[in-house]
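Please find the sequence and the predicted model below.
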Amino acid sequence: MKYVRFFAYVLLILSLFMNFVLYYRSENRRMQMVVNGHMITKKDYHNWLEGHYGLQTLVTMAKYYLVMDAAKKDGVPPDEKQVSDILTTSAEVNPTLAREFYLDPWVKTDDKQALEYNMAMDNLATKDISVTEDEVQSYFNANPGKWDKPDKIFIKAIQCANMNVANQAKAMMQTAQGDALTDIQRQLAPNAVVVGVDGTMAFLKPVGAPSPVKIVNQIAAMKPNQISIIPYGQTYLVVKFDHIEPGKKVTLADVQDLVALAVKKQRAVPAQEVLQKLWDSSNIITDPPSIKKQIENILFPDRALQNASNQ
């Protein structure tokens, strides 16, 4: 019975190995795309991607994981709620970005990782720097309103090519039931399009004060469910006021850590210096091994050139 079990394990391992070999052999012949009779195999496709973008992708990944792992180990990881809030607000106030996040989720992932990287790097570059209460108070006083939470005004809107189409869209919005913006867009295409993903957009206004942007003040003066036509560049926005999320004037106690970080960043360790120390102290293994040096040269070109001149 013992030998039967042993041979069963051996056969299983051989089977897995052969499947692995067959997959990579078949990759040379498996079709990815055909252009005018010319077959592009999966191997062609993978080689093209790796040749054009592979090394730079590895550089980006190496930087991200070096910094994120170090920040976690040192107890200074990025604030995930802050990252999430920034991404949410960015999409709310930028309809084009909202559409990108919806249609191409990897764009949101890239932006999220970029925010995480920058926050983690700031934390690592300032973790050993001390600031006094007087420094923090002075910096806060010198930047009034910088950390206040703005009013966030939400609207539903259709962007129209001209005033005639805008008037049609306004009339249709006044009689529409529920969320019918996509139906209006369909009827007025191609001269009307809902903003963002579903017509939702937000404008930010300083809490308790007018905005320096005229359109924001126009929208802020609207009443709930009011519909207006507002010039928007060379086009027109047909806007329905939805709701407002009131902002808040903060005290130093509300944002103590953020202000302290801002003060620390004025004398932070240079990011490139932080990254270089992390690289030199980490165990980096690549396949093939030669890629490691290529990645290092891209990350630290000054050092690479210095080494080359010394040879």
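Everything's here; your move. If you're wondering where the values come from, they're calculated on a predicted model, not measured in any experiment.

what comes up buried for stretch 40-55?
Across stretch 40-55, burial judged by 16 or more other C-beta atoms under 10 Å covers 41-44. For the C-beta atoms, the positions are set from N, CA and C on the backbone; glycine is no exception.

can you tell me which residues contact the residue nearest to residue 199 when sequence neighbours are not counted?
Excluding the flanking residues, the one nearest residue 199 by C-beta to C-beta, 6 or more residues apart in numbering is residue 181, at 4.0 Å. By C-beta atoms under 8 Å, 6 or more residues apart in numbering, the residues touching residue 181 are 156, 158, 173, 194, 198-199.

how much space between residue 181 and residue 81?
Using C-beta to C-beta, to the nearest Å, one obtains 31 Å as the distance from residue 181 to residue 81.

go on, residue 157?
Residue 157 sits 28 Å away from residue 81, going by C-beta to C-beta.

Helices of this protein, start to end?
Ranges of helices in the chain, per DSSP state H, are 2-27, 42-49, 55-73, 80-93, 95-103, 105-126, 133-142, 163-175, 181-188, 214-220, 256-265, 271-281, 290-299, 301-310.

nearest to residue 208, of the ones you listed?
Of all these, helix 214-220 sits nearest to residue 208, with 11.7 Å by C-beta to C-beta.

Report how far apart the opening and closing residues of stretch 199-214 are.
Using C-alpha to C-alpha, to the nearest Å, one end of stretch 199-214 lies 21 Å from the other.

Quick one: mean pLDDT for it?
The pLDDT scores in stretch 199-214 average 95.

and of the buried residues of stretch 40-55, the nearest to residue 115?
For those, the closest approach to residue 115 (C-beta to C-beta) belongs to residue 42, at 33.7 Å.

if we can go back for a sec, with distance to residue 234 as added columns, please give the helices of the chain in CSV.
Listed next are these as CSV, based on distance: least, C-beta to C-beta, whole Å:
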stretch, distance to residue 234
helix 2-27, 50
helix 42-49, 39
helix 55-73, 37
helix 80-93, 20
helix 95-103, 16
helix 105-126, 26
helix 133-142, 40
helix 163-175, 12
helix 181-188, 17
helix 214-220, 14
helix 256-265, 39
helix 271-281, 41
helix 290-299, 42
helix 301-310, 43
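
quick one: which of those helices is nearest residue 242?
Minimum separation from residue 242 across the helices of the chain (C-beta to C-beta) falls at helix 214-220, 10.2 Å.

helices and strands around that closest one, which ones?
Contact partners of helix 214-220 among helices and strands, from 3 or more C-beta pairs under 8 Å, 6 or more residues apart in numbering; DSSP states H and E: strand 151-160, strand 200-205, strand 227-232, strand 235-245.

Could you rerun that using 7 Å?
Under the contact criterion of 3 or more C-beta pairs under 7 Å, 6 or more residues apart in numbering; DSSP states H and E, helix 214-220 touches strand 151-160, strand 200-205.

Go through those strands and name the closest to residue 142.
Residue 142 sits nearest to strand 200-205 of all the helices and strands packed on helix 214-220, at 22.5 Å, using C-beta to C-beta.
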